[in-house]
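Trainee: Need a 3D model of the following:
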Amino acid sequence: MTATWMTAFAAVHVYWGFGGTALLPDGVSVLDSPAMFVVDLVAIPLCLAGAALSWLLRPDQHPRRLLGRRWLLWPGTVGAAVMLAHGVTGLAVVAVPWLVSGEVVGEERWSLLYEPYWLLGGLLLAVTVTWFRGAVRRAQSLQRNSREASTVATMPQAAITSHSPSST
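Mentor: Got it, this is the predicted structure:
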């Protein structure tokens, strides 16, 4: 689900980068604002990288592959934290004044529509990272148990002594 969400978010940014205006405030185009265009150009590869990252963090992989990819937990955790912070902060900036005054004015009302996408993406990535982290722990446990079993199997057999009482 996370990879699909990230890919869809990248697709929306590509659409906006080519001049599309759906889901933007009336009269706003990314092409009219150099700053928005740069943000859009940065968002596309980041979203695609997030899609690739979330695909690589699938918890249903072979244990060796899980262990080889555990270094991806760091960028996955950072990405989830940034997206969650963006979503929560963006919603708070709009929701707090809205709760106080009872109305949302101007362009801020659009934040109520697109900030939840950041929040949802952050939650999805956080769940993906959490599930992957659990799968890595299980793989490490399997690896440890396998090593212990092979160590026991290669140990020399000790002399067997009888502990039964001797008869007199």
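Trainee: from here on, contacts and neighbour counts on C-alpha atoms
Mentor: OK.
Trainee: SS state for Gly20?
Mentor: Recorded secondary structure, Gly20: coil (DSSP: H, G, I helix; E, B strand; the rest coil).
Trainee: and it, what is it in contact with?
Mentor: By C-alpha atoms under 8 Å, 6 or more residues apart in numbering, the contact set of Gly20 is Ser29.
Trainee: which stretch of helix or strand covers Thr89?
Mentor: helix 73-101 (DSSP states H and E).
Trainee: Next: Tyr117.
Mentor: Applying DSSP H and E as the criterion places Tyr117 in helix 111-153.
Trainee: That helix packs against which elements?
Mentor: Packing partners of helix 111-153 (3 or more C-alpha pairs under 8 Å, 6 or more residues apart in numbering; DSSP states H and E): helix 2-17, helix 63-68, helix 73-101.
Trainee: For the most centrally placed residue in the chain, give me its contacts.
Mentor: Residue closest to the average C-alpha location in the chain (C-alpha atoms, centre = their mean): Leu125, at 2.3 Å. Applying C-alpha under 8 Å, 6+ apart, we find Leu125 in contact with Thr2, Ser54, Gly76, Thr77, Gly79, Ala80.
Trainee: returning to what we had before: with respect to burial, which of the helices and strands packed on helix 111-153 scores highest?
Mentor: A comparison of the helices and strands packed on helix 111-153 by mean neighbour count, using mean count of other C-alpha atoms under 10 Å, puts helix 2-17 on top with a mean of 19.
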